[in-house]
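Peer 1: got a structure for you, letters missing:
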């Protein structure tokens, strides 16, 4: 098989594959990385890429890799730009996010909202998610855009409910999240920095308004955060930071995954299998197959030896979750979607102390929506190839139109 044949074979199995004149294939970014060593450095950017499942699982918990990359991690793109008045990346609010902190600070801030994602809380939230899914699906037939009609409104309404933000805020979450996502990657671009800071400022305004409302739901995240501020003296800036993290991470990753999950099922011609199989097992395979968060960053605090390589202190390290979830040493025939695959562990939500706090909520939303979609619609087909656009370098699944009956 020549190189062109191999490229075509990869694209034919890739859920992002579509006509080249619509969009380039973002999935090929990490599938191509599988041909490189599991631990290798991009000498141009000065960044390490970790793609093997075993290596990612090892390094994601390594004590010499810090999550505080917005404070410490830079590439040559940032060295040549004026990034941050104090030398830090992104923004002060983002650098306060508990996912970008280590040790005691990470544990304390994460603990503020951890009770909201307990099994008991999720069980009480489930009827609301089911009600919203049913309302969005209604008696829809004909053409349905999975993103605009289902994924985006469901995820935004659920996160507003969890936080205690007014329902009318929900439509604003999509733009905020896209601009913050760009800020996390391309903050060396002035327009990205401007839009990202604007989004964070508008979130802070919405949070401040809600915190000042005496009628805020007592079981909401903002009520919990307000009590922590009043009773425990938690910094006001940390309250805003935690709230903005829940807005961003809770909405963006779940809405994106809903779209990716439906797209993957259709790509594999597995709608009938989804209708007859169990959604719990299917969701785990869908998470593995097309990971919502394709990579997470760390910065080395001291030298690390791994796979015959030496990562130096200060080096930026990208743990490629998407590539690791396609590692043939961890998953048999990883390029093929098998909804009945029994998975002991995948890396879609990370691993260890920084395991995604909202993983249970994301699973619940996707399971509920897929169950209802597959029960209502016997026949589903794509109206047109899925449309992905680049938002300052970040691929965004913009349209996924289905003909349903």
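Peer 2: Arrived safely, thanks for sending. The structure displayed is predicted, hence computed values, not measured ones.

Peer 1: show me where pLDDT drops low in the chain?
Peer 2: Scanning the chain for pLDDT under 70 picks out 1-31, 74, 76-88, 393.

Peer 1: quick one, what contacts residue 362?
Peer 2: Going by Cβ atoms under 8 Å, 6 or more residues apart in numbering, residue 362 touches 253-254, 257, 292, 349, 356. All C-beta spots, glycine's among them, are computed from the backbone N, C-alpha and C.

Peer 1: list the buried ones in the helix or strand containing it?
Peer 2: Element membership for residue 362 (DSSP states H and E) is helix 359-376. Neighbour counts over helix 359-376 (16 or more other Cβ atoms under 10 Å) mark 360-374, 376 as buried.

Peer 1: stretch 275-294 too?
Peer 2: By neighbour count on 16+ other Cβ under 10 Å, the buried set for stretch 275-294 is 275, 279, 282-294.

Peer 1: out of the residues you listed, who's nearest residue 400?
Peer 2: Among those, residue 290 lies closest to residue 400 (Cβ to Cβ), at 12.5 Å.

Peer 1: how much space between that closest one and residue 281?
Peer 2: 16 Å (Cβ to Cβ, to the nearest Å).

Peer 1: residue 257 now?
Peer 2: From residue 257 to residue 281 the distance is 16 Å (Cβ to Cβ).

Peer 1: also residue 322?
Peer 2: Using Cβ to Cβ, residue 322 is found at 20 Å from residue 281.

Peer 1: same thing with residue 261?
Peer 2: Per Cβ to Cβ, residue 261 is found 13 Å from residue 281.

Peer 1: and the strands in the stretch 51-200 of the chain?
Peer 2: Counting by DSSP state E, counting those that start in this stretch, the segments of the stretch 51-200 of the chain that form strands are 65-66, 142-145.

Peer 1: what lies in contact with the shortest one?
Peer 2: So that's strand 65-66. 59, 72, 102, 298-301, 304, 317.

Peer 1: likewise for stretch 311-320?
Peer 2: Outside stretch 311-320, the residues that touch it by Cβ under 8 Å, 6+ apart are 30, 33, 41, 46-51, 56, 59-60, 65, 69, 72-75, 294-305.

Peer 1: was I right to think residue 110 contacts residue 98?
Peer 2: Yes. Look at residue 110 against residue 98 with Cβ atoms under 8 Å: they come within range, at 4.6 Å.

Peer 1: of the buried residues of helix 359-376, closest to residue 170?
Peer 2: Taking Cβ to Cβ as the measure, residue 170 lies nearest residue 365 of the buried residues of helix 359-376, at 13.9 Å.

Peer 1: check contacts around the closest one.
Peer 2: Counted by Cβ under 8 Å, 6+ apart, residue 365 has contacts 129, 154-155, 158, 254, 258.

Peer 1: residue 394 versus the residue nearest the centre of the chain, what's the distance?
Peer 2: In the chain, the residue lying closest to the centroid (Cα atoms, centre = their mean) is residue 253, at 3.1 Å. Counting by Cβ to Cβ, the gap from residue 253 to residue 394 is 13 Å.

Peer 1: what's the answer for residue 159, then?
Peer 2: Counting by Cβ to Cβ, the gap from residue 159 to residue 394 is 19 Å.

Peer 1: between the two, who's got more neighbours?
Peer 2: residue 159 (27 against 19; other Cβ atoms under 10 Å).

Peer 1: what count of nearby residues applies to residue 332?
Peer 2: 9.

Peer 1: now it. Its backbone dihedrals?
Peer 2: Torsion angles at residue 332 (phi, psi; degrees, to the nearest 10) stand at phi -70, psi 130.
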